[in-house]
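Asks: A structural model of the following input is requested.
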Amino acid sequence: MQTAGTSLKQRAIGYLVGQARRPRGLVGWANGWMFALRPSNRRRNLWAVSLLDVRPTDRVLEIGFGPGIAIAAFAGRATRGEVFGIDHSRAMVRHAARRNAAAVRAGRVHLAQASVERLPGFGDPLDAVLAVNSAGFWPDPVERLRELRRLLRPAGRIALVSQPRCPGATSDTTARAARELQDMLTQAGFTDIQVETLDLDPPAACVLATSPAS
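Replies: Below is the predicted model of the structure:
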């Protein structure tokens, strides 16, 4: 029989899980600061940016940018390009806009509250796309990846990062998540797929792939 205490605990867990997926309100704002300050999150995001080897003139998109750590790193590399970001959380858009205020004012960073199934326009083809711990929440992720492939220039790069956050996650959990991302990218038509791993607890996996030339 479910007790009142058990029911309350389940509701609390459900609320926190929902906040992790779509931060909102004061709790969402606080989560943004937590995500930004947690060393493992910063290390994971900066590592993912480095793997994409962004050039000064590149046009880059991050899906689910959270507090904007990777956005700032992209802006520091794509100094003559453009950095786009979408996140479905208004709280995260506010966090990222504050962190990247100068680049936003200069017109080099463009942030929008939007979802991956309703992407805004980005003008010219993109050179690189990043998604950290978000692809698992996408509706019909293979179709979403096909749409992103069409937005990339030929030989454009994509990086999907997963650091499992489920209780008891291990390196095996990360390996399974990486295989799932590899399968999705293959089904979506990407090529040259490779996996890199970052030694965190649990490890983070970055699955990199390329948009085919034709």
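Asks: Select the longest strand from this structure.
Replies: Looking across the chain with DSSP state E, the single longest strand is strand 152-162.
Asks: by contact count, what packs against the next helix or strand after it?
Replies: Tracing the chain C-terminally past strand 152-162 and defining elements by DSSP states H and E, one meets helix 171-187 next. With contacts taken as 3 or more Cβ pairs under 8 Å, 6 or more residues apart in numbering; DSSP states H and E, helix 171-187 sits against helix 141-151, strand 152-162, strand 191-198, strand 204-210. All C-beta spots, glycine's among them, are computed from the backbone N, C-alpha and C.
Asks: From the chain's centroid, how far away is the shortest one?
Replies: Between the mean C-alpha location of strand 204-210 and the chain-wide mean there is a distance of 12 Å, by Cα atoms, centre = their mean, to the nearest Å.
Asks: Scan the helices and strands of this structure for the one with the lowest mean pLDDT.
Replies: helix 4-21 (a mean of 45; mean pLDDT, DSSP states H and E).
Asks: Could I get the helices and strands packed on helix 171-187 in JSON lines, plus columns for mean pLDDT, mean neighbour count and distance to Glu117?
Replies: Shown next, in JSON lines, are these (pLDDT from 0 to 100; neighbours: other Cβ atoms under 10 Å; distance: least, Cβ to Cβ, whole Å):
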{"stretch": "helix 141-151", "mean pLDDT": "97", "mean neighbour count": "17", "distance to Glu117": "7"}
{"stretch": "strand 152-162", "mean pLDDT": "97", "mean neighbour count": "21", "distance to Glu117": "16"}
{"stretch": "strand 191-198", "mean pLDDT": "98", "mean neighbour count": "14", "distance to Glu117": "23"}
{"stretch": "strand 204-210", "mean pLDDT": "98", "mean neighbour count": "24", "distance to Glu117": "20"}
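Asks: Just tell me which of these ends up closest to Gly81.
Replies: strand 152-162 (12.3 Å; Cβ to Cβ).
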